[in-house]
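S.K.: predicted model, plus sequence, below.
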Amino acid sequence: MSRQVSMTINGKKEVFSIGHSGARWEIPDEETLSLTLRERLNLTGTKEACGQGACGCCTVLMNNRAVPSCQILTADCDGADIVTIEGLQDPDTGELDPIQKLFIEKYAFQCGFCTPGIIMALKGLFIKNPTPSRAEVAEALSGNQCRCISQYHVLDAADALAELNAAATNA
Ligand code: FES
Ligand code: FES
């Protein structure tokens with residue numbers, strides 16, 4: 001019997017077999033998580049650009065940590081909890097995550113290609129630290145590249161979220 005990997009992706013359990021038959025739910029050992037998300041589950045919000053761990057466009061949350069999904073094999077994700085950009089909004093109301101709202105409010109993107117990865121990297125940071133300093137935000141985003149130079153607006157959005165969180169803590 002073929003080996004299986006099971007994981008939660010955006011709150012839904014997904015089970016794959018490991019193999020090379022080409023069937024939709026059978027994945028080769030060497031398939032990356034980014035490929036599985038995009039090609040098998042149609043979660044195309046996760047972008048793939050460099051494919052080498054250098055640009056951050058493919059960032060997702062794995063067990064609440066931001067990781068480059070092009071560098072992770074799906075076969076190694078057994079038991080993992082994966083969240084992609086599609087999983088950030090409230091599943092019942094469709095309301096966007098506060099980070100997504102602030103990106104819109106602060107115009108923190110241009111073409112938007114890098115944006116899902118940047119938002120997921122920030123989400124990972126804010127889960128650990130709801131009120132990061134600008135230096136901590138910059139450090140968390142050090143692996144995310146943006147060709148459109150929208151960094152200053154991204155930092156503004158992150159600062160605004162840190163301020164909102166600080167105000168909520170002090171209320
Ligand atoms: S596509 Fe994964 S880091 Fe660039
Ligand atoms: S907004 Fe275009 S690559 Fe970042």
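M.R.: Looks like it arrived, so ask away. Residues are numbered from 1 along each chain as shown. Ligands and ions are numbered 1, 2, ... in the order given.

S.K.: and I104, what pLDDT?
M.R.: Looking at I104, its pLDDT is 97.

S.K.: now it, what are its backbone angles?
M.R.: The phi and psi torsions at I104 (degrees, to the nearest 10) take the values phi -70, psi -50.

S.K.: ok, and the closest non-adjacent residue to it?
M.R.: L96 (7.8 Å; Cβ to Cβ, 6 or more residues apart in numbering). No exception for glycine: its C-beta is placed from N, CA and C like everyone else's.

S.K.: residues in contact with the one you found?
M.R.: Residues near L96 by Cβ atoms under 8 Å, 6 or more residues apart in numbering: 88-89, 104.

S.K.: list buried residues within these.
M.R.: L88 (16 or more other Cβ atoms under 10 Å).

S.K.: how about the contacts of L96 in CSV, adding distance to C111?
M.R.: Below are these laid out as CSV (distance: Cβ to Cβ, whole Å):
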residue, distance to C111
L88, 20
Q89, 21
I104, 15
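
S.K.: quick one: which of the contacts of L96 is nearest ligand 1?
M.R.: L88 (18.6 Å; Cβ to the nearest ligand atom).

S.K.: surely the closest one meets I99?
M.R.: Yes - counting by Cβ atoms under 8 Å, L88 does reach I99; the two are 7.4 Å apart.

S.K.: overlap in contacts of these two?
M.R.: Here L88 and I99 share the contacting residues 119, 123, scored by Cβ under 8 Å, 6+ apart.

S.K.: that older thread, pick the one among the contacts of L96 closest to R40.
M.R.: Ranked by distance to R40 (Cβ to Cβ), the contacts of L96 are led by L88 at 20.4 Å.
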